[in-house]
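[1] Predicted coordinates and the sequence they were generated for:
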Amino acid sequence: MTKTEKMNRVKKLIDIGKKDGVLTYEEIIDNLEDIDLEPSQIDEIYISLGDMGIDIIDEDDLEDEDLDENIDDDIDEDEDEDKEKATKINLSKEIDVGDPVKMYLKEIGKVPLLTRKEEVELAKRIETGDEEAKKHLAEANLRLVVSIAKKHIGRGMSFLDLIQEGNLGLIKAVEKFDYTKGYKFSTYATWWIRQSITRAIADQGRTIRVPVHMIENINKLVRTQRQ
């Protein structure tokens with residue numbers, strides 16, 4: 001995509017925002033995902049849109065939005081008592097996956113989701129260099145990675161490789177998340193996860209290298225289960 005085409009894509013998004021007076025985070029991500037912007041550049045776009053008087057809101061704030069087009073029903077940050085039931089992962093029934101993947105899905109499904117308040121508390125701890133807080137925030141969002149990864153099945157990479165690439169993006173999101181900007185962590189992390197997966201698909205010939213620290217932080221539950 002040429003620079004002019006990228007600028008036209010951004011301009012089109014701005015025009016939509018000016019017309020409606022509002023954009024959702026998902027609209028921004030979906031429209032700009034394939035023009036290879038860095039997440040830091042997306043942050044700048046958020047700020048510019050705000051300066052133009054365009055409100056940026058979450059998808060679930062729109063009463064008539066089809067929730068199936070959002071991140072997935074696997075991710076629900078409601079604080080209702082039925083939150084855990086609503087967010088169980090049943091991907092093993094939807095997708096033909098091997099035993100290691102099934103075990104992984106089972107283990108990450110046991111990790112409780114976070115409320116927005118808990119996200120902020122963890123983000124504040126991360127600012128102080130708390131590694132345990134980083135691990136907690138990442139593990140609580142592993143099912144988000146799985147949910148996004150399953151949408152890219154059939155594009156030349158195995159489901160497990162897609163998950164691994166998405167986890168790399170999740171780790172970056174944990175390190176870069178700025179809670180003071182007001183959006184949910186899942187909204188911010190979605191961009192990083194999608195970028196990591198789509199770039200890996202575009203470069204399928206390379207060897208997928210999973211850093212040791214990521215394995216330690218992300219797959220601890222699986223290793224413990226195997227022991």
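    Structure's in. What do you need?
[2] tell me the SS of Leu114?
    What DSSP: H, G, I helix; E, B strand; the rest coil gives for Leu114 is coil.
[3] Enumerate every residue touching the closest residue to it other than its chain neighbours.
    Excluding the flanking residues, the one nearest Leu114 by C-beta to C-beta, 6 or more residues apart in numbering is Ala140, at 4.8 Å. Where C-beta positions appear, they are placed from N, C-alpha and C, glycine not excepted. Ala140 is in contact with 111-114, counting by C-beta atoms under 8 Å, 6 or more residues apart in numbering.
[4] and with 10 Å instead?
    Ala140 makes contact with 108, 111-114, 118-119, 122, 185-186, according to C-beta atoms under 10 Å, 6 or more residues apart in numbering.
[5] Identify, from these, the entry nearest to Ser147.
    The closest of these to Ser147 turns out to be Ser186 (C-beta to C-beta; 9.8 Å).
[6] gap between that closest one and Glu175?
    Going from Ser186 to Glu175 by C-beta to C-beta, to the nearest Å gives 16 Å.
[7] before we move on, back to that, which one of the contacts of Ala140 is nearest Lys12?
    Of all the contacts of Ala140, Ser186 has the smallest distance to Lys12: 25.4 Å, by C-beta to C-beta.
[8] Surely that closest one and Thr115 touch.
    No. Between Ser186 and Thr115 there is no contact under C-beta atoms under 10 Å: 12.0 Å.
[9] Let me know how buried Asn8 is, in neighbour terms.
    Applying other C-beta atoms under 10 Å, we find 13 residues neighbouring Asn8.
[10] Packing partners of the helix or strand containing it?
    Element membership for Asn8 (DSSP states H and E) is helix 3-20. If you count contacts as 3 or more C-beta pairs under 10 Å, 6 or more residues apart in numbering; DSSP states H and E, helix 3-20 packs onto strand 22-24, helix 25-32, helix 39-51, strand 55-57.
[11] ok, now with 8 Å
    strand 22-24, helix 25-32, helix 39-51 (3 or more C-beta pairs under 8 Å, 6 or more residues apart in numbering; DSSP states H and E).
[12] name the helices or strands packed onto the longest one?
    Spelled out, it's helix 39-51. Using 3+ C-beta pairs under 8 Å, 6+ apart: helix 39-51 touches helix 3-20, helix 25-32, strand 55-57, helix 159-176, helix 185-202.
[13] out of the ones you listed, which comes closest to Ile153?
    Between the helices and strands packed on helix 39-51, helix 159-176 lies closest to Ile153; by C-beta to C-beta that is 5.8 Å.
[14] Check what pLDDT the residue nearest to Leu114 gets.
    Here the pLDDT value assigned to Ala140 is 95.
[15] And for Ile148?
    90.
[16] Then it would be within a helix, right?
    Yes. Applying three-state DSSP, one finds Ile148 inside a helix.
[17] where does the chain dip in pLDDT?
    Along the chain, segments meeting pLDDT under 70 span 1, 33-34, 36-40, 58-98, 205-227.
[18] quick check: domain ranges of it?
    Listed by automatic domain parsing, the domain ranges of the chain are 1-63, 71-227.
[19] Just name the most buried of those domains.
    The highest average neighbour count among the domains of the chain, using mean count of other C-beta atoms under 10 Å, belongs to domain 71-227 at a mean of 17.
[20] re the thing from before, turn the helices and strands packed on helix 39-51 into TSV, columns for distance to Lys135.
    Converted to TSV, the helices and strands packed on helix 39-51 look like this (distance: least, C-beta to C-beta, whole Å):
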stretch	distance to Lys135
helix 3-20	35
helix 25-32	25
strand 55-57	29
helix 159-176	9
helix 185-202	14
